[in-house]
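A.B. asks: Have a look at this prediction, sequence included:
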Amino acid sequence: MPSEIVYHPDALREVKEALTYGLENWPERVADLRNELGAKIEFIRADWVHRSPNEYGVLRINLGQRLPYHLIYRLSEERVEILAFSHHRQRPGYWQDRLGSRSQ
């Protein structure tokens with residue numbers, strides 16, 4: 001099971017922006033967003049061997065029906081690397097330039 005969770009700097013910025021936007025526009029759902037993000041990361045860690053990456057070597061998981069976000073990530077035995085925290089309406093694949101770098 002991967003023991004380390006790392007965020008690409010742009011993905012971390014996207015999470016912070018989503019939380020800030022949420023506080024300003026739908027504060028009653030920010031706790032749901034935080035909780036669901038944490039739950040999905042734990043789910044990824046626990047169930048990592050059953051995941052099949054796409055042609056870019058990455059995976060995607062939705063945060064739920066009420067939350068219009070998904071995580072783009074890649075896995076290794078040691079870590080989960082979050083590449084993007086994307087709103088469903090963002091242009092597809094905008095995060096692909098992050099594939100060449102490793103997150104810190």
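C.D. replies: Arrived safely, thanks for sending.

A.B. asks: so the residue sitting nearest the centre point of the chain is in which element?
C.D. replies: Nearest to the geometric centre of the chain sits residue 71, at 2.5 Å (C-alpha atoms, centre = their mean). Element membership for residue 71, per DSSP states H and E: strand 69-75.

A.B. asks: That strand: how far from the chain's middle?
C.D. replies: Distance, stretch centre to chain centre, for strand 69-75: 4 Å (C-alpha atoms, centre = their mean, to the nearest Å).

A.B. asks: Now do it, average pLDDT.
C.D. replies: Mean pLDDT, computed over strand 69-75, is 90.

A.B. asks: List the pairing partners of the following helix or strand past that strand within its sheet, with orientation.
C.D. replies: Using DSSP H and E, the helix or strand that follows strand 69-75 in sequence is strand 79-87. Applying DSSP bridges to the sheet, strand 79-87 is found paired with strand 4-7 (parallel), strand 69-75 (antiparallel).

A.B. asks: Neighbours of residue 6, how many?
C.D. replies: 17 (other C-beta atoms under 10 Å). Any C-beta I mention is one placed from the backbone N, CA and C, and that applies to glycine too.

A.B. asks: How about the one 5 residues further on?
C.D. replies: Residue 11: 22 surrounding residues under other C-beta under 10 Å.

A.B. asks: just checking, what packs against whatever helix or strand residue 41 lives in?
C.D. replies: Per DSSP H and E, residue 41 falls inside helix 30-46. With contacts taken as 3 or more C-beta pairs under 8 Å, 6 or more residues apart in numbering; DSSP states H and E, helix 30-46 sits against helix 9-25, strand 59-62, strand 69-75, strand 79-87.

A.B. asks: Quick check: chain neighbours aside, which residue is closest to residue 56?
C.D. replies: Distance criterion C-beta to C-beta, 6 or more residues apart in numbering; nearest residue to residue 56, sequence neighbours excluded, is residue 99 at 6.2 Å.

A.B. asks: Can you tell me how far the one you found is from residue 53?
C.D. replies: The gap separating residue 99 from residue 53 is 11 Å, by C-beta to C-beta, to the nearest Å.

A.B. asks: If we go by neighbour counts, what in the helix holding residue 41 is buried?
C.D. replies: Buried positions in helix 30-46, judged by neighbour count with 16 or more other C-beta atoms under 10 Å: 30, 33, 36, 37, 40, 41, 44, 45.
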